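Q: Quick check, what structure comes out for this input:
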Amino acid sequence: MNANPSKNCLLIIPRTFYSFSKMFRTALESLGYDVIEANEEYPENALGKIMGKLDLEIVRKTTRRVVNKRFLQGKSYDLVVIIKGRGVGKQLVQDLKRHARKLVWYHFDALAYDRATARWSEGMDRISTFDYRDAEERGWPLVELFSAQPPLEQNLPIQIGFSAILRNHSNRLAYLDAVTRALDLKPDDGFFYIFEQNTFSLARNFLRHPSLYWRWRKKIHRSPLPYDEYRRVLATSDFTIDYAHDKQSGLTMRSFEALAVGAKLITNNPNIVRSSHFQTIHAIVFERNGDPALLKREVMKRQSERPPIKWRSVTDCVLEILGERIPPQGV
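A: You can find the predicted model right below:
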């Protein structure tokens with residue numbers, strides 16, 4: 001943490017979304033900001049999340065009241081950074097503008113999945129998104145995600161041919177099954193870890209794909225894989241399978257974590273070939289209805305070859321969000 005901060009920043013962010021708040025806070029502190037955190041929506045509990053997901057007006061009213069009382073009264077900021085900001089509304093943006101020299105917003109979701117932020121984005125000094133489609137349609141700068149951890153001190157030898165570590169949602173399980181069948185793999189032919197977040201998601205996903213659930217039942221878990229184990233598996237994998245959400249066109253964080261440890265990707269996201277951070281060796285694009293023979297050939301061409309390791313840090317991401325560094329241009 002900067003011992004003598006010369007600038008102050010209000011960071012409005014989903015505080016329970018993995019470790020994002022800690023990572024963004026640390027990056028801003030490394031740039032010389034004294035950071036105060038607020039949640040993206042209030043009340044800051046399960047009820048608030050449900051109401052925010054339903055996009056209810058009461059969430060925006062409550063969030064405005066709480067942010068004004070706790071974070072704005074008698075205060076001013078050099079910078080306000082809003083990350084996602086589902087509970088923010090137009091009136092709160094106007095309040096923030098009276099207390100801040102600069103307002104910036106970054107969306108690591110897609111408007112097709114979370115449209116709440118489209119209501120108030122015009123009030124910002126700078127807007128950016130990780131989503132390719134939204135960047136093109138809105139004219140916003142494309143700022144891609146990052147790897148949470150730097151590369152390991154030394155490359156680990158390949159020990160796992162194929163891995164997939166995923167939280168089960170949308171069509172992820174169906175995609176994992178399509179890739180492994182195309183490569184003639186069984187559930188035990190690699191390291192596959194499927195995390196179910198709660199009982200509701202388990203029941204819903206089982207009803208959607210009962211036969212897949214039965215096939216993959218031994219790989220489905222009720223607790224997430226510890227991060228150190230996740231990183232070890234990724235760093236020793238030849239290929240890792242990654243699935244972008246059906247409504248998102250941006251590259252996943254998993255993509256950049258694989259890039260930082262030398263694991264190659266098999267992904268459904270065709271935008272990876274447009275990114276300036278990835279080379280052809282880094283990824284194979286395979287749609288669920290893709291040609292299995294073509295996937296096999298592409299895997300054979302890249303098998304056991306370590307691609308160049310590149311680390312895109314959260315600080316790289318933040319500098320581009322703030323407009324202090326121009327995002328690299330893809331194709």
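Q: Correct me if wrong: Gly290 contacts Val179.
A: No - applying Cβ atoms under 8 Å, one finds Gly290 not in contact with Val179, separated by 9.0 Å. Quick note: C-beta positions are derived from backbone N, CA and C, even for glycine.
Q: Work out which residue lies at the spatial centre of the chain.
A: When Cα atoms, centre = their mean is applied to the chain, the residue found nearest the centroid is Met253 (4.6 Å).
Q: Report the contact partners of that one.
A: Contact criterion Cβ atoms under 8 Å, 6 or more residues apart in numbering gives 145-148 as the residues in contact with Met253.
Q: 6 Å instead?
A: Contacts for Met253 (Cβ atoms under 6 Å, 6 or more residues apart in numbering) come out as Leu145.
Q: ok so, going back, compare Gly290 and Val179 and say which one has the larger neighbour count.
A: Val179 (26 against 15; other Cβ atoms under 10 Å).
Q: Going along the chain, name the strands of the stretch 51-200 of the chain.
A: Taking DSSP state E, counting those that start in this stretch as the criterion, the stretch 51-200 of the chain contains strands spanning 79-83, 103-107, 126-129, 160-167, 191-195.
Q: Save the ones you listed as TSV, and put in mean neighbour count too.
A: Formatted as TSV, the strands of the stretch 51-200 of the chain follow (neighbours: other Cβ atoms under 10 Å):
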stretch	mean neighbour count
strand 79-83	24
strand 103-107	24
strand 126-129	22
strand 160-167	19
strand 191-195	20
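Q: Now mean pLDDT and distance to Ala118 too, for those strands, in JSON lines please.
A: JSON lines is the format used below for the strands of the stretch 51-200 of the chain (pLDDT from 0 to 100; distance: least, Cβ to Cβ, whole Å):
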{"stretch": "strand 79-83", "mean pLDDT": "97", "distance to Ala118": "13"}
{"stretch": "strand 103-107", "mean pLDDT": "96", "distance to Ala118": "9"}
{"stretch": "strand 126-129", "mean pLDDT": "95", "distance to Ala118": "10"}
{"stretch": "strand 160-167", "mean pLDDT": "96", "distance to Ala118": "26"}
{"stretch": "strand 191-195", "mean pLDDT": "97", "distance to Ala118": "30"}
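Q: show me where pLDDT drops low in the stretch 1-150 of the chain?
A: Within the stretch 1-150 of the chain, the segments meeting pLDDT under 70 span 1-5.
Q: Give me the three-state assignment for the closest residue to Ile281 other than its chain neighbours.
A: Across the structure, with Cβ to Cβ, 6 or more residues apart in numbering as the measure, the residue nearest Ile281 apart from its sequence neighbours is Pro307 (4.2 Å). With DSSP: H, G, I helix; E, B strand; the rest coil as the basis, the three-state label of Pro307 is coil.
Q: okay, and for the stretch 201-331 of the chain, where does confidence drop off?
A: The stretch 201-331 of the chain contains residues with pLDDT under 70 at 330-331.
Q: Please, where are all the helices along it?
A: Assigned by DSSP state H, counting those that start in this stretch, the stretch 201-331 of the chain shows helices spanning 210-215, 227-235, 253-261, 292-302, 314-321.
Q: Single out the most deeply packed of the ones you listed.
A: Neighbour counts averaged per stretch over those are highest for helix 253-261, at a mean of 24; criterion: mean count of other Cβ atoms under 10 Å.
Q: Would you mind writing the CA trace of it as PDB?
A: Extracted as PDB, the C-alpha positions of helix 253-261 are listed here (Å, rounded to 0.1, in the frame of the first residue of the first chain):
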ATOM      1  CA  MET A 253     -10.400 -14.400 -17.100                       C
ATOM      2  CA  ARG A 254      -9.500 -18.100 -17.500                       C
ATOM      3  CA  SER A 255      -8.100 -17.200 -21.000                       C
ATOM      4  CA  PHE A 256      -5.600 -14.800 -19.400                       C
ATOM      5  CA  GLU A 257      -4.700 -17.100 -16.600                       C
ATOM      6  CA  ALA A 258      -3.900 -19.800 -19.100                       C
ATOM      7  CA  LEU A 259      -1.900 -17.300 -21.100                       C
ATOM      8  CA  ALA A 260       0.200 -16.600 -17.900                       C
ATOM      9  CA  VAL A 261       1.200 -20.200 -17.300                       C
END
